[in-house]
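In: Below: sequence and its predicted model.
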Amino acid sequence: MNPQKQTLQAKASPSLVWALLPLLVLIIPLVAMPFTEAVVWGTGDFAVAALLLISLGLGGVLMVRQRGRLSLLMILGAVIVIGAALTWIELAVGLF
């Protein structure tokens, strides 16, 4: 038997961490809602925002895992961020 103590550490997948980390952003409107009438979000608003933020996080993880030319990865990253920003703007105020 091994006399050394072995400790178990729960290791979260980096993909899971980066997918769920942006959800912390959703705490901001949740906390703001009771204090101001300017923030009025429903369940659907939170669901769409969560889906968009999780997609952005997973897109970033998939982009980082790709091997290839740096310029191509930078373009892909810009497309992901710009696409998410345009979607957020459209859903928020309907500019397009």
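Out: Cool, got the structure.
In: all contacts plus neighbour counts: C-alpha atoms, from now on.
Out: OK.
In: and residue 41, what does it touch?
Out: 29, 33 (Cα atoms under 8 Å, 6 or more residues apart in numbering).
In: what pLDDT does it get?
Out: Residue 41 is assigned a predicted lDDT (pLDDT) of 89.
In: With the one 10 residues further on instead?
Out: Per-residue pLDDT puts residue 51 at 88.
In: can you pull out the helices in this protein?
Out: Per DSSP state H, the chain carries helices over the ranges 14-20, 27-32, 43-65, 70-93.
In: want to throw those helices into JSON lines with mean neighbour count?
Out: Below are these laid out as JSON lines (neighbours: other Cα atoms under 10 Å):
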{"stretch": "helix 14-20", "mean neighbour count": "16"}
{"stretch": "helix 27-32", "mean neighbour count": "13"}
{"stretch": "helix 43-65", "mean neighbour count": "16"}
{"stretch": "helix 70-93", "mean neighbour count": "13"}
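In: which of the ones you listed has the lowest average pLDDT?
Out: Looking at the helices of the chain, the lowest mean pLDDT belongs to helix 14-20 (a mean of 70).
In: For that helix, what is the distance to the chain centroid?
Out: 8 Å (Cα atoms, centre = their mean, to the nearest Å).
In: Quick check: which helices or strands does that helix pack against?
Out: In this structure, helix 14-20 makes packing contacts with helix 43-65, judged by 3 or more Cα pairs under 8 Å, 6 or more residues apart in numbering; DSSP states H and E.
In: and the helix it packs on with helix 70-93, angle?
Out: Helix 43-65 runs at 180 degrees relative to helix 70-93, counting by axes from the mean of the first three to the mean of the last three Cα atoms, to 10 degrees.
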